[in-house]
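1. Provide a 3D model corresponding to the input given below.
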Amino acid sequence: MQKTLFKRGLIVGPSGIGAVHLREFLRNGINEIAFIGKSKFKKRSFQINSKKFEFVKIINLKKFKNLKKFKPQITSICSPYHKHLNHILKCKDYSKYIIVEKPFIWSRTKIKKGKNLQISLNLLSKLNNKIVVNLPMVSIVRQLFYKKEIPKRIRSFKFSYFTKGSQFYDNIAVDLLPHALSFLLTATKKKNFNLKILAIKRQRSYWSCKIKLDEILCDFKFKQDKFNKESKLYFSLNNDRYKRLQKEIQNEYLTYLIKNGKKKFFLKNPMQEYLYFIFRSFKNSSKVKTNNDLVLKITKITEELLNFK
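-> Below is the predicted model:
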C-alpha cells in the first residue's frame, strides 16, 4: 500500500472501469470510500478485499445531494462519457480534487463545431488545478521513452484498438481516440500541429481514419464489441510493430509488449502507474496543466474528425 494522501474518496459509476479506480483507491490508502451508481460495486469490493483492507468503510451515497455531508477529498468520475459534464458539475463544490475517465466531456447531441472544445476549455479554466483526466497511454509512452523505444523522428504511426464496449459509429471514435491521440501527442511532444484528414470510415461497430499530423502519417483503427472477452492493442512507430499483452493474476494485470514478433519486455501497469501519478500531481500545477493541455488538443482533433464529411 502506498503512502496515504487522501482518506475519503468517491467513485461515480462504480461498475466497469470504476472497479479499477476502487482498486487504486485501496492501494493508495483511502479507507473511506463512497459510491454513487450500481450497487454491485460493493460485491466487487469484497472480491478484491483481504485482511489488510478489512478496515475500509464502503458507503452507498445513492444520491448526489448526500455529497454535502460526505465531502470526498478525491472523486473519480467513471460514469458513461455523455454524463461526465453533469456529474462533474454536481461534484465540483464538494470534492477537493476530481479524476475523470476519458473522454473528458462529450455531448451526444448533434455536434456544433467547437462546442465540446469550448465547454472543456471553460470548465478546465474554472476548476484550474482541481481536475485531471485519466490517460493511461501516457504512461506507456513514458516507459517507452525510458527504454529508448520512441524514435527521435516519427514518420508514421499506426494504432489499432479492439475492445469490449457498446458504442457505435462515431461514438466509437469518441471513446477510443483519446488513447491513440494521447499516445501520439505525448510521443511527439507537439505543442502545435497541422491536421490533414485523408479518409474516415464509419461502420456500426468499426471506425477508422487516416490523417496527417504535420509530417506524420497516421492510421487509426477501432472496433467495439460487447462480446469481446479481452481488449487487443497493436501500434507501430515507423517500421517497428508492437503488440500489447495483458495477464490477470489475482486482480492484478501484468503488461507486456512484443516488438516485431520477437522481443518481449515488461511494462508497469499503465492504468495503475498513471492513476498513481494523478494522485500526486494535484499539488503540482505544471503537471495538471500538461494534462489539461493534452485533453484540449485531443478534444480539438476529435471534433475536427467527427465534423469531417
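
2. What strand or helix carries the residue nearest to residue 267 when sequence neighbours are not counted?
-> Excluding the flanking residues, the one nearest residue 267 by CB to CB, 6 or more residues apart in numbering is residue 255, at 4.5 Å. From N, CA and C alone the C-beta is placed, and that goes for glycine too. Secondary-structure assignment from DSSP states H and E places residue 255 in strand 252-259.

3. what comes up buried for that strand?
-> Neighbour counts over strand 252-259 (16 or more other CB atoms under 10 Å) mark 255, 257, 259 as buried.

4. ok, the residue lying closest to residue 115 once chain neighbours are set aside - contacts?
-> Closest residue to residue 115 apart from its sequence neighbours, by CB to CB, 6+ apart: residue 107 at 6.4 Å. Residue 107 makes contacts with 82, 85, 115, 116, 119, as judged by CB atoms under 8 Å, 6 or more residues apart in numbering.

5. could the buried residues of strand 252-259 go into CSV alongside distance to residue 9 and pLDDT?
-> CSV is the format used below for the buried residues of strand 252-259 (distance: CB to CB, whole Å; pLDDT from 0 to 100):
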residue, distance to residue 9, pLDDT
255, 25, 92
257, 31, 96
259, 37, 97
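
6. Output these in CSV, with distance to residue 278 appended to each entry.
-> Shown next, in CSV, are the buried residues of strand 252-259 (distance: CB to CB, whole Å):
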residue, distance to residue 278
255, 18
257, 23
259, 28
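
7. of those, closest to residue 94?
-> residue 255 (34.6 Å; CB to CB).

8. Please determine how far the closest one is located from residue 130.
-> Between residue 255 and residue 130 the computed distance is 30 Å (CB to CB, to the nearest Å).

9. which secondary structure elements does the helix or strand containing residue 207 contact?
-> Assigned by DSSP H and E, residue 207 falls within strand 206-213. Contact partners of strand 206-213 among helices and strands, from 3 or more CB pairs under 8 Å, 6 or more residues apart in numbering; DSSP states H and E: helix 170-188, strand 195-202, strand 216-224.

10. tilt between it and strand 216-224?
-> 170 degrees (axes from the mean of the first three to the mean of the last three CA atoms, to 10 degrees).

11. Give me the next element, helix or strand, following the lowest-mean-pLDDT helix or strand in the chain.
-> Here the helix or strand of the chain ranked lowest by mean pLDDT, DSSP states H and E is helix 40-47, holding a mean of 51. Scanning forward in sequence from helix 40-47 by DSSP H and E, the next helix or strand is strand 57-60.

12. so what strands line up beside that next one?
-> Strand 57-60 sits in its sheet next to strand 32-36 (parallel), going by DSSP bridges.

13. who touches the partner strand?
-> Against strand 32-36 from outside (CB under 8 Å, 6+ apart): 7-14, 18, 22, 25-26, 41-42, 45, 56-64, 70, 72.

14. What remains of the residues you listed if I keep only buried residues?
-> Using 16+ other CB under 10 Å, the buried ones in the contacts of strand 32-36 are 8-14, 18, 22, 25-26, 41, 45, 56, 61, 64, 70, 72.

15. one step back: and which of the buried residues of strand 252-259 is nearest residue 291?
-> residue 255 (21.3 Å).

16. what about the residue nearest to residue 207 when sequence neighbours are not counted, neighbour count?
-> Leaving aside its chain neighbours, residue 207 sits nearest to residue 172 (4.2 Å; criterion: CB to CB, 6+ apart). Neighbour count of residue 172, defined by other CB atoms under 10 Å: 24.

17. swap in residue 93?
-> When neighbours are counted by other CB under 10 Å, residue 93 comes out with 9.

18. and it, helix, strand or coil?
-> coil (DSSP: H, G, I helix; E, B strand; the rest coil).

19. Could you list the domains of the protein?
-> 8-101, 137-306 (automatic domain parsing).

20. Mind telling me which of these the model trusts least?
-> Confidence, taken as mean pLDDT, is least for domain 8-101 of those (a mean of 86).

21. Compute the first-to-last residue distance for that domain.
-> 19 Å (CA to CA, to the nearest Å).

22. quick one: the strands in the stretch 1-150 of the chain?
-> Remark: strands assigned in the stretch 1-150 of the chain by DSSP state E, counting those that start in this stretch are 8-12, 32-36, 57-60, 74-77, 97-101, 131-134.

23. Output the strand holding residue 255 in CSV with nothing but the alpha carbons.
-> C-alpha atoms of strand 252-259 as CSV (Å, rounded to 0.1, in the frame of the first residue of the first chain):
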residue,chain,number,x,y,z
GLU,A,252,-3.5,-7.5,-10.9
TYR,A,253,-2.6,-7.0,-14.6
LEU,A,254,0.8,-7.8,-15.9
THR,A,255,1.5,-5.9,-19.1
TYR,A,256,4.0,-6.9,-21.8
LEU,A,257,4.9,-5.6,-25.3
ILE,A,258,6.0,-7.8,-28.1
LYS,A,259,8.2,-5.9,-30.6
